[in-house]
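Asks: whatever this is, show me its structure:
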Amino acid sequence: MEAVIAIVALLFVLFVVLGVYATVKVVGAAKRGVDRTLTQARRTVEDHTLRAKSFAQLGPAGELAQLRLKLRTSMRATQEALHASAPEDESLKESMGLFQRLSAHGHELDGELKRLESEPDRAKLAERLPGLRERTERITQSADSLRWAARDRARRFADDDLDTLSAQIDVESGALRHWTKAEPTAPPPPWPEASAAEGGTEQQTWPETPRSRTAEEPTRPAITPPGVRPTYPWQKKPRPESTT
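Replies: The predicted model follows:
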């Protein structure tokens with residue numbers, strides 16, 4: 001009885017632990033989903049704000065907004081392209097590592113541009129704009145290079161797979177239509193050459209066959225007929241049949 005109670009208690013504790021674990025996993029997944037949604041919403045709002053500033057504000061402040069918007073758009077597009085192709089292509093792991101290092105520089109530049117948006121000294125800000133513009137251009141060019149290389153690689157793989165598939169389909173289509181193939185026919189025999197006959201007239205000669213040769217030869221008797229026997233002096237003369 002005590003063993004049964006112990007087993008029931010153990011099963012109860014096990015079910016409780018599994019329930020707590022499942023609850024934690026569900027809560028964690030829900031929290032990650034909410035965080036992802038909030039991050040996406042915050043990013044969308046910030047991008048719209050930067051786009052509005054780039055059109056509404058003039059001078060260094062408007063250019064800072066344009067640089068931030070260009071940087072964020074390029075980095076986000078490259079990240080999405082690499083994440084989409086990496087699971088299918090193992091060779092993109094090194095590219096992902098390079099992009100992580102580039103992202104560190106991109107986040108640093110984005111933070112600096114964001115801080116400079118509230119800079120009151122416009123003259124000092126105008127002096128620093130060429131360097132900020134150059135850094136933004138270098139980072140975005142590197143990100144664009146990685147993104148287009150990944151896309152070209154994926155497109156090349158898709159083209160190669162399509163070519164292989166098309167070749168296999170052509171072979172299968174030919175195998176399914178095997179009755180349409182013409183059977184090889186033997187070439188006709190050559191015509192015999194013409195030879196010059198007597199009198200200057202040319203006649204066509206045909207190859208000699210055993211049947212024609214037999215027809216041309218005279219018929220021979222199967223058994224040679226007996227000839228006249230020679231008589232000798234020592235032989236007796238035959239009696240006439242009329243004598244008795």
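Asks: which other residues reach stretch 84-91?
Replies: With contact meaning Cβ atoms under 8 Å, 6 or more residues apart in numbering, stretch 84-91 is reached by L92, K93, S95, M96, A150, R151, R153, A154, F157. Where you see a C-beta, it was placed from the backbone N, CA and C, and this is true even at glycine.
Asks: which SS class is L58?
Replies: Look at L58: counting by DSSP: H, G, I helix; E, B strand; the rest coil, its state is coil.
Asks: how many residues are close by it?
Replies: The local packing of L58 (other Cβ atoms under 10 Å) involves 8 other residues.
Asks: gap between it and E90?
Replies: 49 Å (Cβ to Cβ, to the nearest Å).
Asks: quick one: buried ones out of the contacts of stretch 84-91?
Replies: Those of those that meet the buried threshold are L92, S95, A150, A154, by 16 or more other Cβ atoms under 10 Å.
Asks: the third one against A81, yeah?
Replies: Just to be clear, that refers to A150. Yes. With contact defined as Cβ atoms under 8 Å, A150 reaches A81; the gap is 5.1 Å.
Asks: widest-spaced pair of the buried ones among the contacts of stretch 84-91?
Replies: Farthest apart among those by Cβ to Cβ are S95 and A154. That separation is 12.0 Å.
Asks: by contact count, what packs against the host helix or strand of R135?
Replies: In this structure, R135 sits in helix 122-176 according to DSSP states H and E. If contacts are counted by 3 or more Cβ pairs under 8 Å, 6 or more residues apart in numbering; DSSP states H and E, helix 122-176 sits against helix 60-85, helix 93-116.
Asks: report the angle between that helix and helix 93-116.
Replies: Put simply, helix 122-176 runs at 150 degrees to helix 93-116, going by axes from the mean of the first three to the mean of the last three Cα atoms, to 10 degrees.
Asks: tell me how many other residues crowd H83.
Replies: By other Cβ under 10 Å, neighbour count at H83 equals 13.
Asks: and the one 3 residues further on, by the same measure?
Replies: Applying other Cβ under 10 Å, we find 16 other residues in the vicinity of A86.
Asks: and what of E119?
Replies: For E119, using other Cβ under 10 Å, the count is 13.
Asks: OK, contacts around it?
Replies: Here E119 is in contact with L125 (Cβ under 8 Å, 6+ apart).
Asks: using the three-state scheme, assign it.
Replies: Classified using three-state DSSP, E119 is coil.
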